[in-house]
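J.: give me coordinates for this.
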Amino acid sequence: MNLCRNAQQAMMDADIHGRAKKLKITAEKIDTDVHMHVSDTGPRIPEHIREKIFNAFEGSTKAGGSGLGMAIAVELLRAHGGTISIEKTDENGTTFHIVIPDED
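T.: The predicted structure follows:
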């Protein structure tokens, strides 16, 4: 939810040059893992933020943000044996890739 909320806020707060504001979530099972992609059409994540986006108190791009949203997401995923990474971020938007083990 933190990831989706961040994407929604980024799209609302930015001038994205007439592009439609879209949030897309996909998931598929590959072998023993579930792979999710969370994509938005917002602005790219600046390099200086990408380096620390998953660190507590350092990753906020919004004034007044706590910098905890993505750090909490990372810790929750790690607790379940999962990972999260930035797959792409450019002038057309950002995509995060999440992998979670699918255990019986």
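J.: show me what contacts residue 4?
T.: Neighbouring residues of residue 4 by CB atoms under 8 Å, 6 or more residues apart in numbering: 23, 25, 38. In this view, the C-beta of every residue, glycine as well, is placed from N, C-alpha and C.
J.: try residue 2
T.: Neighbours of residue 2 in contact, by CB under 8 Å, 6+ apart: 69, 70, 72, 73.
J.: residue 21: which element?
T.: Using DSSP states H and E, residue 21 sits within no helix or strand.
J.: ok, it to residue 73 distance?
T.: The gap separating residue 21 from residue 73 is 21 Å, by CB to CB, to the nearest Å.
J.: who has more neighbours, those two?
T.: residue 73 (19 against 15; other CB atoms under 10 Å).
J.: apart from its neighbours in sequence, what residue is nearest the more buried one?
T.: residue 2 (4.8 Å; CB to CB, 6 or more residues apart in numbering).
J.: about what we covered before: list buried residues within the contacts of residue 4.
T.: The neighbour count (16 or more other CB atoms under 10 Å) marks 23, 38 as buried among the contacts of residue 4.
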